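Engineer: no sequence for this one, just the structure:
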């Protein structure tokens, strides 16, 4: 009996590949860049399983070419690259990898916060430019983190993990959320309107999914509400922030600094004016990039593939309603 055919759109750890090979004939895309949509489209007709990433568009038209497709497993927490409604209509379970990257992403959000507050990238460039001549009482003075006010927008797993880290810095915590609002007092925080959070926070950290309601949630009006000493941190999705408005706010001193792990588009073009600003730190979407976390994400994605191929419910399924049909 032949094995099911599975295509993974990006490199996987050797141990994960070996494990999957016990259940399927696995093809792994070996390019550094993701495969084009047409590449995936041409492979889907032969597939029972598809292991995808956020960089892959998995839409209804693609699914329609795969009559044998039993499972789609996204190696990511988010799944806005997949038309989940279309998958449900075709009785295809969709898996993701939640929870595993919570602490790693929260670490990185706080790393961005500290780096921009204490001007660490600027300090390195200061040395490389040959400007370090002596200790000086005002050069590269940053902002205090201990005792500052932080506003967390969105209070899911990652937002709460960031909130835990603020406690060690004696920070005042403001939160804007409709979900998990009952949990806010446990962190010593206060749930407030977004406008109030923006007006009072020294740091604003974004932890919301990208939806029509959160597209450009932070734009020109919101920057006008923020303090001129405020700093914006985004490790959620690039589209949550209007980058044109952010550039103007940073350039004109409307806010003090920003740290971004996500942008719109990705990758951010090297010609982007944001990259010309000393007070904007941009990272290439690496918040979950620890060895342990990425390995666990691959294993969870494999778990979903294996379950889908064997007819078992996916361990982490984003459309479990299909099992009620």
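Structural biologist: Happy to help now that I have it. Note that this is a predicted model, so its numbers are computed, not measured.
Engineer: all helices for the stretch 101-250 of the chain, in order.
Structural biologist: 102-117, 120-128, 157-167, 194-200, 220-225, 243-251 (DSSP state H, counting those that start in this stretch).
Engineer: Show me the one of those that comes nearest residue 37.
Structural biologist: When those are ranked by proximity to residue 37, the top entry is helix 243-251, at 24.5 Å, counting by C-beta to C-beta. Heads up, the C-betas are built off the backbone N, CA and C, glycines and all.
Engineer: Now do the closest one: which elements does it pack against?
Structural biologist: helix 220-225, strand 257-260, strand 280-282 (3 or more C-beta pairs under 8 Å, 6 or more residues apart in numbering; DSSP states H and E).
Engineer: need those in TSV with mean pLDDT and mean neighbour count, can you?
Structural biologist: Formatted as TSV, the entries for those read as follows, by pLDDT from 0 to 100; neighbours: other C-beta atoms under 10 Å:
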stretch	mean pLDDT	mean neighbour count
helix 220-225	98	16
strand 257-260	98	25
strand 280-282	98	22
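Engineer: Now the most centrally placed residue in the chain. Nearest residue, chain neighbours left out?
Structural biologist: For the chain, residue 236 is the residue whose C-alpha lies nearest the centre (C-alpha atoms, centre = their mean; 4.4 Å). Nearest in space to residue 236, with sequence neighbours left out and distances taken as C-beta to C-beta, 6 or more residues apart in numbering, is residue 206 at 4.7 Å.
Engineer: what does residue 146 give?
Structural biologist: residue 169 (5.0 Å).
Engineer: shaky segments in the protein?
Structural biologist: Within the chain, the segments meeting pLDDT under 70 span 1.
Engineer: How is the chain divided into domains?
Structural biologist: With domains defined by automatic domain parsing, the chain comprises 4-100+291-324, 102-282.
Engineer: and the end-to-end length of the longest one?
Structural biologist: By that I understand domain 102-282. Domain 102-282 has an end-to-end distance of 20 Å (criterion: C-alpha to C-alpha, to the nearest Å).
Engineer: For that domain, what is the distance to the chain centroid?
Structural biologist: Shown here is domain 102-282, whose average C-alpha point lies 14 Å from the average C-alpha point of the whole chain (C-alpha atoms, centre = their mean, to the nearest Å).
Engineer: And for stretch 40-48?
Structural biologist: Between the centre of stretch 40-48 and the centre of its chain there are 27 Å (C-alpha atoms, centre = their mean).
Engineer: and the gap between residue 292 and residue 206?
Structural biologist: Relative to residue 206, residue 292 is positioned 25 Å away (C-beta to C-beta, to the nearest Å).
Engineer: actually residue 62, not the one I wrote
Structural biologist: Using C-beta to C-beta, we find residue 62 at a distance of 30 Å from residue 206.
Engineer: quick one: which of those two has more around it?
Structural biologist: Using other C-beta atoms under 10 Å, the more surrounded residue of residue 62 and residue 206 is residue 206, with 25 against 22.
Engineer: just checking, that one touches residue 218?
Structural biologist: Yes. Residue 206 sits in contact with residue 218 when judged by C-beta atoms under 8 Å, with a separation of 7.0 Å.
Engineer: Quick check: neighbours shared by these two?
Structural biologist: For the pair residue 206 and residue 218, residues contacting each of them under the criterion C-beta atoms under 8 Å, 6 or more residues apart in numbering are 232, 234, 240-241.
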